[in-house]
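Undergrad: predicted model and sequence follow; I will ask about them next.
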Amino acid sequence: MSYADTSRKRRWLLGAVGLVVAALIAIEVLFPANPFTGLAVVLLTLVTDPNYVGSVLRLTVPIAFAALGGIFAEKSGVINIGLEGLLIISAFTSIAVAATLGGGTPSQFDLWVAFGVAVLASVLFALLFAVVCIEYKADQIIAGLAVWLIALGLAPFASKVIWGQVNSPPIATLNDWTVPVLSEIPFFGPVLFDANPTVYMLLVAVAASWYTLNRTAFGRWIEASGENPKALDTVGVDVRKVRYAGVLLSGLFSGIGGAGLALGRVGQFIGGGTTMINGRGWIGITAYLFGNYNPLGAFGASFLFASLDALQIRLQQLGYSIPSELIGIIPYVTVVVVLAFVGRTQIPDAAGEHYDSGED
Amino acid sequence: MRGRHTRRRFLGGIAGVAALGTAGFVQDDVTNVGMVYATGGLGDNSFNDMAHQGVQNAADEYDVAFTNAEPGSPSEVANLQQRFAQSSSPDYDLLCCIGFVQQEPLRRNAERFPDQRFMVVDTTVDADNVASYTFREQEGSFQVGHMAGLLTQMEFSAGAGETNDDAVVGFVGGREVPLIEKFEAGYKAGVAHADEDIEVRTAYAGAWNDPAQGQEIALSMYNEGADVVYHAAGGTGSGVFQAAQEVGRFAIGVDADQSESLPEYADVILASMVKRVDRAVFRSIESVVDDEFDGATNVLGLERDGVAAVYGAELGDAIPESVTESLAASREAIVAGEIEVPTEISEL
């Protein structure tokens, strides 16, 4: 990664944004009765509406957590495309444990215990994936797909065993955390200081991930393990251990994301079809690719995708009928564009390759 | 799971014993019914459970023995239909095929087994040996829309919810398919029947299994002043109820009486648009028992209680009499044909 590259990319990006804005202004001047003006007014009212921004943050949580997890795994050299599966496992475990502990009416304490157990389950599942990939040198893509497919079958099956049906009965959810005084601030108060606990956790996790990757020795090991494992090995750091740590961290973050969705908001596990996770793990992958393996970028991308989703459900209500399926493919189209034109050089050199320290 | 297996084995056992018992004596004493459910399986709190209820009711009333089969995936449906149709001990008098997923396999099997009587719910198969049952979902949706429209104009509070000053209601659909647009069209017509000026906000989640999305959609509607949100979105609808509880407003359930099947949300569920799959199953079995079976298409609307607005178990009593009376009147008018309920949004 060279600085010249980055600045050229920035200029490209700025140029593109400028072109779009100029085009919109031109349309506005030339055709005053165009539909964009109405849309622009709607957009402006929305982004200043705390309800909208709050909704976007909540939708961001599972996507961004999956993305953070993906960054650690892939940067260390293990491509984990099983994030979706990890989210499913932790969402299911959190509801199952909470319902068992509280017998249908779990207390807040029960919910937090269930949250912890769910994260643990996700980490254990990630450990299984790590062992298969690192110890037994399995193809990472195939093993990752297996993680997803196993979770997709296992979670609905287990809920049939427990509840006799693929959907769990509803239970209580985690209470919002309100910061006194600060929550009174207009706009920022309700958005940032009267929010779901998982939103706070996400903001902390993003900052901590950025700091870890960019300012600590461990972050440099993760980077080296993915870019040039042999160099890391030469200076006496065990590549296997670093990669294990990377994959386990992906389990940790995905676990928080899945349990956060299930316990923080919904209070139920839905196991039909693609389960209640409904592709959020996959969008997480596109988010970190779009964000160039930077936790801040990944958070920004997740926030962008979530805000498009939240925007789409509001535009539908105003009669702008944009098919939700079309909005749903935006992340994937974006990532294809980004991978093809912008982010080609950013993928860690040794990602997806097995490293054997004894090979020479 | 184990409980269900035992039950299935037990029921199979009953059917077997019943068949043995009658063999050689009067053959037609017991009516044997084979049930092939939709892929959601039993315990879905709606479609399949109601079909199961229907056959149980028939077994209580008549000399009926039945065997359940739950396909795990759409590909198993054809096989299960065949196995029942080929069976000679017992020789099934009627096969009940539940759900849209049965249509294609049934079309072939009805041809292959011309002497086997079938019934199918939620879709039509054009054959002499198949009785099809479909529903006028738009009529039931009209009823709950009418109720939502009347209540949003009032000051009304019950259970965990209360209305606000804005005359706004909402509708959340699962996917934008013709079946669900029937719900939307009927609902909108019902709201307009209460008052043309009421704003109806509608949105589709794009999924049947995404309660988080359903919750955000419903929240955005409630934030814009909606008092009542009606969902036809399967598992996504749980999120609608959750949102209603969060902000203290109301919601309307679908398919089954959801204030009974999801009692946790009974304090916000005003009513449910119930599709009486149980009645369709019961009627088809009754027609076989009475030897009146014919391969016709039966469309069940408000008239024969095929669909109905069923008031919530907890909130039903709190709904003002003026509202329930208006609803009874509009129901009469629909049954009498005085109100035409649209089936497509373009007809509104």
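TA: Looks like it arrived, so ask away.
Undergrad: which residues touch residue 182?
TA: Answering for chain A, as no chain was given. A:189, A:192, A:193 (CB atoms under 8 Å, 6 or more residues apart in numbering or on different chains). C-betas here are computed from N, CA, C, even on glycine.
Undergrad: switch to chain B, that's the one I care about
TA: B:137, B:138, B:141, B:343, B:344.
Undergrad: one more time with 6 Å
TA: B:137, B:138, B:343 (CB atoms under 6 Å, 6 or more residues apart in numbering or on different chains).
Undergrad: what number of residues lie near the first one?
TA: Under the neighbour criterion other CB atoms under 10 Å in any protein chain shown, residue B:137 is assigned a count of 29.
Undergrad: surely it is in contact with residue B:185?
TA: No. Residue B:137 is beyond contact range of residue B:185, at 9.5 Å (criterion: CB atoms under 6 Å).
Undergrad: what touches both of these two?
TA: Between them, residue B:137 and residue B:185 share no contacting residue, judged by CB under 6 Å, 6+ apart.
Undergrad: can you give me the neighbour number for residue B:318?
TA: 13.
Undergrad: quick one: contacts for it?
TA: Counted by CB under 6 Å, 6+ apart, residue B:318 has contacts residue B:158.
Undergrad: and it, how close does it get to chain A?
TA: 22 Å (CB to the nearest CB, to the nearest Å).
Undergrad: quick one, phi psi at the residue of the stretch 101-250 of chain B found nearest chain A?
TA: In the stretch 101-250 of chain B, the residue that lies nearest chain A is residue B:206 (3.4 Å; CB to the nearest CB). Torsion angles at residue B:206 (phi, psi; degrees, to the nearest 10) stand at phi 80, psi 10.
Undergrad: isn't it right up against residue A:323?
TA: No. Counting by CB under 6 Å, residue B:206 does not reach residue A:323; the two are 8.0 Å apart.
Undergrad: re earlier: nearest spatial neighbour of the residue of the stretch 101-250 of chain B closest to chain A, chain-adjacent residues omitted?
TA: residue A:324 (3.4 Å; CB to CB, 6 or more residues apart in numbering or on different chains).
Undergrad: tell me how many other residues crowd the residue of the stretch 101-250 of chain B closest to chain A.
TA: Residue B:206 - counted by other CB under 10 Å - has 24 other residues nearby.
Undergrad: kindly report the same for the one 4 residues further on.
TA: Neighbourhood size, residue B:210 [other CB under 10 Å]: 29.
Undergrad: look at the residue nearest to it when sequence neighbours are not counted and tell me its secondary structure.
TA: Spatially, and ignoring its direct neighbours in sequence, residue B:210 is nearest to residue A:278 (4.4 Å; CB to CB, 6+ apart). Recorded secondary structure, residue A:278: coil (DSSP: H, G, I helix; E, B strand; the rest coil).
Undergrad: residue A:278 contacts residue B:207, doesn't it?
TA: Yes. Judged on CB under 6 Å, residue A:278 makes contact with residue B:207 at a distance of 5.4 Å.
Undergrad: secondary structure class for whatever residue of the stretch 51-200 of chain A ends up closest to chain B?
TA: Closest residue of the stretch 51-200 of chain A to chain B, CB to the nearest CB: residue A:165 (3.2 Å). Recorded secondary structure, residue A:165: coil (three-state DSSP).
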